[in-house]
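# Please find the sequence and the predicted model below.
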Amino acid sequence: MSDSTDRNDWISRVLGFDLGAGKTAGPAPKLLPIWIDAKERVDVSIGKLQDALRAADDDDLNQIAEFGPYGVTEGESVRLMVALREADSGAEGGRAKVLDAVDDYRDVLDGAPIVDLLENNAFGVVVPLRKTLGAALSELERLAAAA
């Protein structure tokens, strides 16, 4: 079997997309794992930044490290998780809720000052919020709109 055939078989089996037919093979792909994977990758970077903040041994920086950056959002993360779960369960209107929640979360990434502070921190820790979470949001939007 060729590498191309193996790759196409894997894509069909794991992602549910048949490259030869250009259409989905089976049920729509689950959305929640896409977000969880991206969030876990970002959480590793956030953890490194929190360690650097704690190492500075400053009361204010310790407090920031303790509460983390996700405390500054206004529930966008929770709304997105709920919408993803509803969509994955097949709930009526779930995919539309995902699209709304993606827009709300993207507004946070594009406009919240904390995002710039985290990505351009003075501790040299790479925190790719926009790159990692933005890519996941784009993928969720594409899949939710296609269903």
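Great, that's in hand.
# next one: the helix or strand encompassing Leu80 to chain centre, how far?
Leu80 is part of helix 76-89 when elements are defined by DSSP states H and E. Centroid separation for helix 76-89 versus its chain: 12 Å, with C-alpha atoms, centre = their mean, to the nearest Å.
# cool, stretch 46-54 as well?
The answer for stretch 46-54 is 20 Å, by C-alpha atoms, centre = their mean.
# And for stretch 46-61?
In terms of C-alpha atoms, centre = their mean, the gap separating the centre of stretch 46-61 from the centre of its chain is 24 Å.
# Next, the buried residues of it.
46, 49-50, 52-53, 61 (16 or more other C-beta atoms under 10 Å). Heads up, the C-betas are built off the backbone N, CA and C, glycines and all.
# where does this structure have low pLDDT?
1-26, 68-72 (pLDDT under 70).
# Following the chain onward from the lengthiest helix in it, which element is next?
In the chain, assigned by DSSP state H, the helix with the most residues is helix 32-55. Scanning forward in sequence from helix 32-55 by DSSP H and E, the next helix or strand is helix 59-67.
# send the alpha carbons of that next one over as CSV?
Output of helix 59-67 as CSV, limited to C-alpha atoms (Å, rounded to 0.1, in the frame of the first residue of the first chain):
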residue,chain,number,x,y,z
ASP,A,59,2.9,39.3,45.4
ASP,A,60,1.0,40.8,42.4
LEU,A,61,2.6,38.4,39.9
ASN,A,62,1.8,35.5,42.3
GLN,A,63,-1.8,36.6,42.3
ILE,A,64,-2.0,36.7,38.6
ALA,A,65,-0.4,33.3,38.4
GLU,A,66,-2.9,31.9,40.9
PHE,A,67,-6.0,33.1,39.1
